[in-house]
Each structure stands twice: as structure tokens, then as C-alpha cells.
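Chemist: My questions concern the predicted model and sequence given below.
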Amino acid sequence: MLVTLEGLDGSGKTTVWEALHDVYPDAEFTREPTNSWYGDAVYRSIGDEDADPLAELFLYTADHADHLSRVIEPALERGDLVVSDRYAHSRYAYQGATLEGVIDRPMEYVRGVHQPFTVEPDLTIYLDLDPETAAARAGATNKFERAAYLESVRSNYKRLLRAEPDRFVQVDASQSPEAVLERVETILAEAVDDDVAEQQ
Ligand SMILES: Nc1ncnc2c1ncn2[C@@H]1O[C@H](COP(=O)(O)OP(=O)(O)O)[C@@H](O)[C@H]1O
Ligand SMILES: Cc1cn([C@H]2C[C@H](O)[C@@H](COP(=O)(O)OP(=O)(O)O)O2)c(=O)[nH]c1=O
């Protein structure tokens, strides 16, 4: 079963992801950008103020393709629970925003690029937070962490949420870390139970 955590920079994804290691010690915990050389290339691009947004989309997407074949698909074939800190929806929301004005209907375009090869998550937990708080928590260290930009990324996430209400679940990330984790644990436990029931 594939579960992904999504949200703005600073929304608390990594905090939740780390806490879940103790709850699901046998799960495969992974993330995008990955720690492969494709991921290194992505981080190099993030640090480049002048990076071309379309070139950047394809760097992220190359990292995703490698992530799928090297980590995600083998783990799913073993029957593992996979928890990924960011996944394809980050591309739909973020590159959907960076490509605004560069190509028509950017979010649909980015989804279309992924559609033939990606593995859809069974559950996506979206940590919703206002951009000002998110940018303040994140420390605004890279070009994607500016509040105005994050506003359009957030509205893209909300569009995705409306389009996939069954598997895209929103959590209020302005709550305390303990309350956020409790909510995520409840949602995840229900999904895992449903998945086990479906297998039987
Ligand atoms: N619910 C929360 N309330 C307040 N601060 C939080 C909360 N969750 C995480 N933080 C803090 O905010 C910062 C960003 O959290 P992090 O988990 O790294 O976010 P992300 O992975 O989404 O960028 C960290 O300093 C973290 O300790
Ligand atoms: C995976 C992914 C990340 N990003 C951006 C979000 C972040 O600003 C940056 C690095 O991601 P990440 O290291 O997950 O940042 P954070 O922990 O602060 O959320 O890359 C995209 O724009 N598209 C993507 O597909």
C-alpha cells in the first residue's frame, strides 16, 4: 500500500514522517526528492535562481521514475507499506505553479506527463497550512519557500483535493505537532485496516 504525505514547505510532513517510523517499524520510508544522484541534480536546480522551470519539471520527473523502479515498485511487490514524504502530487502542485504562463493548463500537463508510468498512491495525506506560517516554519531558505508563491501551490493542492476526495485527505497542520500526528495516525490506521480487509 502506497501512502504519500504532501503539503507546503514547513507544513510538518517530515516531522510526521519521522514519527511514523516508530508506529510502522516494518514500513518502507522514502521521500522525493530522493537521495540518488537524480535527487542531487534536483537540489542543484532548486538552488539555482535562474533554472528553467520546464527543465526542472523533467529533473524532478526523472528522479520520480528512478524512485519508482528502484524503491517504490519493489517495496509494493514485497507487500510493504510505503510512506513517501512528497510524491507526484508535489509536482502537480509546485510545477503546476512554476509553469503558469509558460505552458497552457500546467497542472493538467504535469499530470499528463506522469499518467502513463506513475503508480497512484492509495492514500495522500495533505497537511494544510497557510503560506505565511509555512514559510516562517521552513525558514524560507530556497526559491520555493516564498509566501506568495506558496499561495498558488496551496490553491493547486486544494484543486487536487477536490478532484480526488476519496484518497486525498486534508489535515489541519496549524494544530500542535501532537494533534497533527494523532490525526494522521488515525487516518493511516483506517486505511491500513481497509487494505488488509480488501486483501482477505
Ligand atoms: N504542528 C507543528 N506546529 C509547529 N511547528 C511544527 C509543527 N510541525 C512541524 N513543526 C516545525 O516546523 C518546522 C518544519 O517542519 P518539517 O516537518 O520539516 O516540515 P516539512 O517537511 O513539511 O517542510 C520544523 O522546525 C518543525 O519542528
Ligand atoms: C518533490 C518535489 C519537491 N518540490 C520542491 C518543494 C520544496 O520546496 C523543495 C524540496 O523539497 P523538500 O526537501 O521535501 O522540502 P521541505 O522538506 O521543505 O518540504 O522541492 C517541487 O517543487 N516539486 C516536486 O516534485
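Modeler: Everything's here; your move. Ligands and ions are numbered 1, 2, ... in the order given.

Chemist: Burial check on residue 116, number of neighbours?
Modeler: 6 (other Cβ atoms under 10 Å). Every C-beta, even on glycine, is put in place using the N, C-alpha and C of the backbone.

Chemist: so how far is stretch 43-58 from its chain's centroid?
Modeler: A distance of 18 Å separates the centroid of the chain from that of stretch 43-58, by Cα atoms, centre = their mean, to the nearest Å.

Chemist: Which positions in it come out as buried?
Modeler: Neighbour counts over stretch 43-58 (16 or more other Cβ atoms under 10 Å) mark 45-46, 53, 56-57 as buried.

Chemist: Which of those sits closest to residue 99?
Modeler: residue 53 (5.4 Å; Cβ to Cβ).

Chemist: For that closest one, which non-adjacent residue is closest in space?
Modeler: residue 98 (4.1 Å; Cβ to Cβ, 6 or more residues apart in numbering).

Chemist: ok, now which ones touch that neighbour?
Modeler: 53, 56-57, 106 (Cβ atoms under 8 Å, 6 or more residues apart in numbering).

Chemist: distance of it from ligand 2?
Modeler: For residue 98, the distance to ligand 2 (Cβ to the nearest ligand atom, to the nearest Å) stands at 7 Å.

Chemist: Same question for residue 114.
Modeler: For residue 114, the distance to ligand 2 (Cβ to the nearest ligand atom) stands at 10 Å.

Chemist: again, but for residue 40
Modeler: As for residue 40, its distance to ligand 2 is 12 Å (criterion: Cβ to the nearest ligand atom).

Chemist: Tell me where the model's unsure across the chain.
Modeler: Low-confidence segments of the chain (pLDDT under 70): 141-145.

Chemist: now for the buried residues of stretch 43-58, which pair is the farthest apart?
Modeler: Counting by Cβ to Cβ, the most remote pair of those is 46 and 57, 12.5 Å apart.

Chemist: What is the burial count for the residue lying closest to residue 114 once chain neighbours are set aside?
Modeler: Nearest in space to residue 114, with sequence neighbours left out and distances taken as Cβ to Cβ, 6+ apart, is residue 88 at 5.3 Å. By other Cβ under 10 Å, the residues close to residue 88 number 26.

Chemist: any idea how far residue 88 lies from residue 26?
Modeler: Separation of residue 88 from residue 26 (Cβ to Cβ, to the nearest Å) stands at 24 Å.
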